[in-house]
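Undergrad: Prediction below, plus the sequence it came from.
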Amino acid sequence: MTRRFDVVVAGGGLAGSVAAAVLARAGLRVLVAERKSDPGDFNYCAEGVSARAIAPFHVVSPDLIAAPIDGGILGGPSTGPSTGRLSDPVRLRWPGAGYILHRDRLMRKLFEQAEAAGARCELNCDVRNVHRGASGQLEGVEISTSSGVETVAADVVVAADGVASAVGRMAGIDTCLELSEMFACAQYRLRDVPVEAGYPEFWIGDSHAPGGYAWVFPRSDREANVGLAMVADRPSANGQVATHWLKKFRKHRFKSIGKIDSYITGGIPVLVRRPTSSAQGVVLAGDAARSADPLSAAGIAEAMDSGRLAAEVVVHALSNGGPSEATLAAAASQYFQAHPRLRAMAAIRRVFDRLDDGEKDSLVDACRGAFHDRRIDEMDPLGFFLRLLRTSPRLLTYARYLR
Ligand SMILES: Cc1cc2nc3c(=O)[nH]c(=O)nc-3n(C[C@H](O)[C@H](O)[C@H](O)COP(=O)(O)OP(=O)(O)OC[C@H]3O[C@@H](n4cnc5c(N)ncnc54)[C@H](O)[C@@H]3O)c2cc1C
């Protein structure tokens, strides 16, 4: 007999688990279909999160924190031991700014919370197809498990299946991305490297990561997630993939290059336009809905919030006559309305994309003068702009791209 649910959530990652918990708490019958055998597996992440962004979820407990974040370090194209021009990166103190998480534990905890809220959570469960009736109405999904293939009936599908969102595509939503609309990433977990715990590093410049940035996120004073995010079709990438740039950055940043514990590659959608994120009976959430910050590419808290909002729209739709395309489309606009910061980040990204390495050096120089070794509340934004005006007035003309 066909099982019937109000909502099938495809993907038990961050967005999917949060969405499922909200839906189940509203009394809906929910199936979470997660293709992995352990929700914490395949940890494609640098694990950094802002304390403020994740606070509303009340999920961070001491066992989830690998290291606190109490500030940050900014390096420019010419910063660092192997170039000589600028020896010191900019160091900003920001006590309590965030955490480097044990992301695997966060994933498991959210999955368990969805289960505890009453959702039926199935592992090794792959959503293979989305079924529609003759007039296009959603009928359900086809799932594949160890016991075979099954068609499950549902009124709504929340596709929280990550950046590629094949489920979204099966449902008729164009989830394809241009190369310029995503960051291509590569990351090592490095051991035996000297880093400053509490101070994640961000290195901008096409000489480090074309169109993006490289990062060093310390998990202790000897271990760090060291990676980069780049735009693959940027001319300065010279057709080289993220792994090439990561190897180069590792040599640039560390005299003693340490040992590699793990290596991952992945993609993060960083759209500066609002994508379509719903179709009849289907709504996208998280990376599938392109919820990540278009500048920093932070997506953990963003995916969780996008899952929450998508679920709230579904609850509202189901208690008001059914999931029309129009009501589900509200999920996308609500997400962007609820996050004016993301619109601001998209505007800054439009400027950032136009800067050459010389201009990025000027930016870092101006930051050094105004922010170096200060606390976040002692920063001098006016001093920053005056410095920029003095050293690189052309940069200020890019302000027109902020609109
Ligand atoms: C290298 C790298 C580093 C990053 N670092 C950071 C960082 O430091 N901080 C930060 O905030 N963000 C970071 N991000 C971004 C962040 O990881 C993502 O934005 C976030 O994971 C998105 O969550 P999600 O739930 O939307 O998708 P995912 O976490 O990708 O979850 C999707 C889930 O769906 C499942 N699934 C997929 N297809 C199916 C299917 N057909 N059937 C059933 N299940 C399916 C998958 O197995 C997966 O569990 C990083 C990303 C990368 C690639």
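TA: Cool, got the structure. Numbering: from 1, shown residues only.
Undergrad: Could I get the phi/psi values of the residue nearest the centre of the chain?
TA: Geometric centre of the chain, nearest residue: residue 299, 2.0 Å, by C-alpha atoms, centre = their mean. Main-chain dihedrals, residue 299, degrees, to the nearest 10: phi -140, psi 0.
Undergrad: Just want the residue of the stretch 101-250 of the chain that's nearest the ligand.
TA: For the stretch 101-250 of the chain and the ligand, the shortest gap (C-beta to the nearest ligand atom) falls at residue 162, measuring 2.9 Å. Bear in mind the C-beta positions are built from the backbone N, C-alpha and C, glycine included.
Undergrad: and that residue, what are its phi and psi?
TA: phi 90, psi -180.
Undergrad: could you list every residue that touches it?
TA: Residue 162 makes contact with 11, 13, 286, 287, 288 under the criterion C-beta atoms under 8 Å, 6 or more residues apart in numbering.
Undergrad: Quick check: the gap between the residue nearest to the centre of the chain and residue 201.
TA: According to C-beta to C-beta, to the nearest Å, residue 299 and residue 201 sit 19 Å apart.
Undergrad: Same check on residue 181?
TA: Here the criterion is C-beta to C-beta. By it, residue 181 lies 26 Å from residue 201.
Undergrad: The two: who's more crowded?
TA: residue 201 (22 against 17; other C-beta atoms under 10 Å).
Undergrad: what pLDDT does the more buried one get?
TA: Looking at residue 201, its pLDDT is 96.
Undergrad: Tell me what it is bridged to.
TA: Applying DSSP bridges to residue 201 gives these bridge partners: residue 73, residue 216.
Undergrad: That one contacts residue 71, correct?
TA: No: applying C-beta atoms under 8 Å as the test, residue 201 and residue 71 come out as separate, 10.4 Å apart.
Undergrad: Find the nearest non-adjacent residue to residue 221, please.
TA: residue 197 (4.5 Å; C-beta to C-beta, 6 or more residues apart in numbering).
Undergrad: residue contacts, the one you found?
TA: 67, 218, 219, 220, 221.
Undergrad: Return a ChimeraX selection command for the buried portion of those.
TA: Here is the ChimeraX command that selects the buried residues among these (16 or more other C-beta atoms under 10 Å):
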select :67,218,219
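Undergrad: May I see the contacts of residue 197 organised as a markdown table, with secondary structure added?
TA: Formatted as a markdown table, the contacts of residue 197 follow (DSSP: H, G, I helix; E, B strand; the rest coil):
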| residue | secondary structure |
| --- | --- |
| 67 | strand |
| 218 | strand |
| 219 | coil |
| 220 | coil |
| 221 | coil |
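Undergrad: Just confirm residue 100 is within a helix.
TA: No: secondary structure of residue 100 (three-state DSSP): strand, not part of a helix.
Undergrad: Now for residue 32, how many residues are close by?
TA: For residue 32, using other C-beta under 10 Å, the count is 31.
Undergrad: beta partners for it?
TA: residue 9, residue 121.
Undergrad: residue contacts, it?
TA: Residue 32 neighbours (C-beta under 8 Å, 6+ apart): 9, 11, 12, 16, 17, 20, 111, 114, 119, 120, 121, 122.
Undergrad: restrict these to those near the ligand?
TA: By C-beta under 6 Å from any ligand atom, the members of those lying near the ligand are 11, 12, 16.
Undergrad: Pipe those residues into JSON lines and attach secondary structure per row.
TA: Formatted as JSON lines, the ones next to the ligand among the contacts of residue 32 follow (three-state DSSP):
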{"residue": "11", "secondary structure": "coil"}
{"residue": "12", "secondary structure": "coil"}
{"residue": "16", "secondary structure": "helix"}
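Undergrad: Out of these, the closest to the ligand would be?
TA: residue 11 (2.6 Å).
Undergrad: Next one: that closest one relative to residue 312, how far apart?
TA: Where residue 312 is concerned, residue 11 sits at a distance of 18 Å (C-beta to C-beta).
Undergrad: shouldn't residue 271 be in contact with residue 181?
TA: Yes: counting by C-beta under 8 Å, residue 181 is a contact partner of residue 271 at 5.1 Å.
Undergrad: the helices in the protein, which residues?
TA: Along the chain, counting by DSSP state H, helices occupy 14-25, 51-54, 103-116, 166-170, 242-253, 300-318, 325-338, 340-352, 357-371, 381-391, 393-397.
Undergrad: Flag whichever of these has the least confidence on average.
TA: Of all the helices of the chain, mean pLDDT reaches its minimum on helix 325-338 (a mean of 68).
Undergrad: tally of neighbours for residue 105?
TA: The burial count for residue 105: 16, using other C-beta under 10 Å.
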